[in-house]
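>>> Got a sequence here, can you build the structure:
(one chain, ligands or ions: 1)
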Amino acid sequence: MDDAGALRAELADHLLGTGVLRDPRWLKAFREVPRHEFLPRFYRQRHDGDWEPVTAEHPGWLQLVYTDRVWVTQFDGDDTMTGGTPTCSSSMPAIMAIMLEALEVHTGQSVLEVGTGTGYNAALLCHALGADRVTTVDVDPQLSARARERLHRNGFTPTCVIGDGARGHPAGAPYDRVLATCSVTTIPPAWLEQTRPGGLVITTLHRPIGAGLVRIVSRGDGTGEGRVLVEDGRFMPLRAHARKPALAGTGAFDRRTTTLPMATVVDPAGPFEFFAGVALPDVVAGQDWLGHPDGSWVHHHGSHVDQGGPRRLWDLAEQALALWEDLGKPRRQHFGVTIGHDGQFLTFDGRRWRL
Ligand SMILES: C[S@@+](CC[C@H](N)C(=O)[O-])C[C@H]1O[C@@H](n2cnc3c(N)ncnc32)[C@H](O)[C@@H]1O
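The predicted structure follows:
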């Protein structure tokens, strides 16, 4: 076995050992598909926050490729940038494994992947299902062309489409599965319309607080019913679903004491964060502040908060915590997802909140 093969086996065993990988088909795919062929160049963030390119000439490149890490490959949709907002990456193998397992896809079934990116995930799909069952779409023509070339060079020939993945790809519909490797604020209706009744849509939700990985069963008419999965999933957004940054403002404010720590509201590892996101839609968080596009803001100073703008966001956060406790402290996996003609909702115990 060559170096890459040994590193690949190690990564696959790690994914198996942590329990994210179970299906022998995906295990085989992770063992055999060469991630390094799709990552000849990526960016690593230094301690000072700057990004440095890592290329095949770098002595540690191959080892880094086969670590369980996300590797950014593009910023601001521009291949010449070496910093900014990441717009393409090869996702963390663990989250790829989680999403591939969640697909529950069977031999002979077809998959539409939204977000071709480097092409690595499409290669895993082709390996397991056969290239004739895989369609992958990316909005960025250069990324798509490059991925297609790398896929072909490695013997994978899925249908590669350039276009807005929010529209799906009607020409190849109906699909048995839709898998989005970029996140969305709401589920594009085309995904459910182009999925066979009983088929699945797997995607992550792009929410500044309380993001989530969801699986929705299609009814075949653009509606569906599903669940938030226990695993957390945070992906870069579909380009049109990126949010404008909201910042904590200045101006007149009220100051009062609080016993609610900021981390309780915004720490993704905490039990309340998902519900905080449900109760505070569109609220963006920094380390010690919250902001909303309507101009409402909070500065958290440990034992007290300043609140400004039209609404008192920290009052709402405290009310949300009280409601969450009354509801029995539900975790993300206890919430349903309803995609109806009347709107898209997260649901729990007869209540619903608009996505
Ligand atoms: C996290 S990367 C996908 C990772 C990829 N599956 C891989 O294995 O490398 C997200 C991708 O979504 C693409 N994307 C963003 N907005 C899109 C849209 N509206 N339609 C299709 N693709 C989009 C980006 O260009 C980027 O390549």
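>>> C-alpha from now on. contacts and neighbour counts both.
OK.
>>> Give me the distance between the two termini of stretch 117-134.
Its start and end residues considered, stretch 117-134 measures 15 Å (Cα to Cα, to the nearest Å).
>>> So what touches that stretch?
With contact meaning Cα atoms under 8 Å, 6 or more residues apart in numbering, stretch 117-134 is reached by 25-26, 29-30, 33, 35, 38-39, 73, 88-90, 96, 106-113, 116, 136, 138, 143-144, 146-148, 150-151, 156-159.
>>> May I have the phi/psi pair for the closest residue to Arg312 other than its chain neighbours?
Distances taken as Cα to Cα, 6 or more residues apart in numbering put Ser296 closest to Arg312, at 6.9 Å, once the chain neighbours are dropped. Per-residue torsions, Ser296: phi -80, psi 150 (degrees, to the nearest 10).
>>> Ser296 - how many residues pack around it?
Neighbourhood size, Ser296 [other Cα atoms under 10 Å]: 23.
>>> From the contacts of stretch 117-134, keep the buried residues only.
25-26, 29-30, 33, 35, 38-39, 73, 88-90, 96, 110-113, 116, 136, 138, 143-144, 147-148, 150-151, 156-159 (16 or more other Cα atoms under 10 Å).
>>> Contact partners for the spatially most central residue of the chain?
In the chain, the residue lying closest to the centroid (Cα atoms, centre = their mean) is Phe235, at 2.7 Å. Each residue near Phe235 by Cα under 8 Å, 6+ apart is listed here: 91, 181-183, 204, 206.
>>> Among those, which are located in strands?
The strands, defined by DSSP state E, take in Thr204 from the contacts of Phe235.
>>> quick one: what helix or strand has Asp176 in it?
Counting by DSSP states H and E, the element that carries Asp176 is strand 175-180.
>>> Which residue does the stretch 251-355 of the chain have closest to the ligand?
Closest contact between the stretch 251-355 of the chain and the ligand, by Cα to the nearest ligand atom, is at Leu355 (18.7 Å).
>>> neighbours around that residue, how many?
As a burial measure, Leu355 scores 19 neighbours (other Cα under 10 Å).
>>> That one against Thr185, yeah?
Yes: contact criterion Cα atoms under 8 Å: Leu355 and Thr185 qualify, at 7.3 Å.
>>> Confirm the residue nearest to the centre of the chain sits in a strand?
No: using DSSP: H, G, I helix; E, B strand; the rest coil, the assignment for Phe235 is coil, not a strand.
>>> Which per-residue confidence value corresponds to it?
At Phe235, the pLDDT value in this model is 72.
>>> Then Ala246?
Taking Ala246 on its own, its pLDDT is 56.
>>> same check, this time on Asp79
In this prediction Asp79 is given a pLDDT of 83.
>>> hang on, Thr347 packs against Phe335?
Yes: if you go by Cα under 8 Å, Thr347 and Phe335 touch, sitting 5.5 Å apart.
>>> Which residue ranges of the stretch 101-250 of the chain form strands?
Secondary structure of the stretch 101-250 of the chain by DSSP state E, counting those that start in this stretch: the strands cover 111-114, 134-138, 159-162, 175-180, 195-205, 212-218, 224-228.
>>> Tell me how far the third one lies from the chain's centre.
In terms of Cα atoms, centre = their mean, to the nearest Å, the centre of strand 159-162 is found 21 Å from the chain centre.
>>> Parallel or antiparallel, which strands does that strand pair with?
In the sheet, strand 159-162 lines up against strand 134-138 (parallel) (DSSP bridges).
>>> The contacts of stretch 117-134 in helices, which ones?
25-26, 29-30, 96, 143-144, 146-148, 150-151 (DSSP state H).
>>> Could you identify the most distant pair in the residues you listed?
Maximum pairwise distance among those (Cα to Cα): 27.1 Å, between Arg25 and Leu143.
>>> Give the pairing partners of the strand holding Asp176; include direction for each.
Applying DSSP bridges to the sheet, strand 175-180 is found paired with strand 111-114 (parallel), strand 195-205 (parallel).
>>> contacts for the last one?
It stands for strand 195-205. Under Cα under 8 Å, 6+ apart, the answer for strand 195-205 is 99, 102-103, 173-186, 191-192, 211-221, 233-235.
>>> low pLDDT regions in this protein?
Scanning the chain for pLDDT under 70 picks out 240-249.
>>> so who does the residue lying farthest from the centre of it touch?
Farthest-out residue of the chain from its mean C-alpha position, per Cα atoms, centre = their mean: Ala252, at 36.8 Å. By Cα under 8 Å, 6+ apart, the residues touching Ala252 are 308-309.
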